[in-house]
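Chemist: Sequence plus predicted model, see below.
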Amino acid sequence: MLIAPHNLSEDPLISAKLVRVHSEIADAASAAHRTVESITVIAVSKGHGPSKVRAACASGALHFGESYLQEAIPKMQSLRDLSATWHFIGRLQANKSRAIAEGFDWVHGIDRLKIAERLSAQRPHYAPPLQVCLQVNIAAEPGKAGIAPAAASELARAVAALPKLRLRGLMCILPADLGPELNRQHFASLRRLLEQVNAAGTALDTLSMGMSADFPEAILEGATAIRIGTAIFGPRTLS
């Protein structure tokens, strides 16, 4: 759900950027005959320190995305007092799966059953199921992460059966600088793929697609979660 800014931020620049992003989301949602409440904004805070996360939270952001585990874990621990939902959006490695399973609420990049099985086995018994998405290489980029579209239904069935995971949807990352028309074509392909997977018996409700440069096109094609970093926080400030 999209939450409008409600408090003054400690960082006026972040507050202003969030207002601009919310305005663009509202415009795209209106053009798609959708409500802003149907769109979750994940503020991608990788490369930015805890103070910027606090500032974004003060301006209404509730969901935050991290990719680098060594950076994310201490940051998240220092922000335990926030009512934040944490999304892991980076490349998943088997030797780091336990920390992800223990510390995050969502994982957006599953493309191997082995990783999903590890996350399920390592999710604490007292924690709710980990919300997950399958990453699809929808643009068929050589060497890039993500499953081929043809493999989505089979992997979805297997992941949905794991006890400590809740399979929510599909995720993609497009190549840079494709342009709005090609962006929309690829996003539409992911939407149709989700419909096909659901027709095969899986109940998915999440399309995690769109980033700072292409989120309006993603919204037009049905995105329910958009991952916005630079447009909110500016260039990364941490290594």
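Modeler: Nice, thanks for sending it over.
Chemist: contacts, neighbours, all on C-alpha from now
Modeler: OK.
Chemist: neighbouring contacts of stretch 22-42?
Modeler: Identification of contacts with stretch 22-42 by CA atoms under 8 Å, 6 or more residues apart in numbering yields 1-4, 61-65, 87, 216-217, 219-221, 223-228.
Chemist: Now that we have these, which of them are buried?
Modeler: By neighbour count, with 16 or more other CA atoms under 10 Å, the contacts of stretch 22-42 hold 2, 61-65, 87, 216-217, 219-221, 223-228 as buried.
Chemist: among those, which are in helices?
Modeler: The helices, defined by DSSP state H, take in 216-217, 219-220 from the buried ones among the contacts of stretch 22-42.
Chemist: okay, stretch 174-190 in CSV with CA atoms only?
Modeler: Extracted in CSV, the C-alpha atoms of stretch 174-190 (Å, rounded to 0.1, in the frame of the first residue of the first chain):
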residue,chain,number,x,y,z
LEU,A,174,15.0,-4.8,-16.9
PRO,A,175,18.1,-3.7,-18.8
ALA,A,176,18.8,0.0,-18.6
ASP,A,177,17.9,2.4,-21.3
LEU,A,178,15.4,0.3,-23.2
GLY,A,179,12.9,3.1,-23.5
PRO,A,180,9.3,3.3,-22.4
GLU,A,181,7.8,1.1,-25.2
LEU,A,182,10.2,-1.8,-24.7
ASN,A,183,9.9,-1.5,-20.9
ARG,A,184,6.1,-1.8,-21.2
GLN,A,185,6.4,-4.8,-23.4
HIS,A,186,8.6,-6.7,-20.9
PHE,A,187,6.5,-5.6,-18.0
ALA,A,188,3.4,-6.8,-19.8
SER,A,189,5.1,-10.1,-20.5
LEU,A,190,5.7,-10.6,-16.7
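Chemist: And it, what's buried?
Modeler: Across stretch 174-190, burial judged by 16+ other CA under 10 Å covers 174, 183-184, 186-190.
Chemist: again, but for stretch 50-64
Modeler: By neighbour count, and taking 16+ other CA under 10 Å as the criterion, the buried residues in stretch 50-64 are 50, 52-64.
Chemist: how long is it end to end?
Modeler: Taking CA to CA, to the nearest Å as the measure, stretch 50-64 stretches 11 Å from start to finish.
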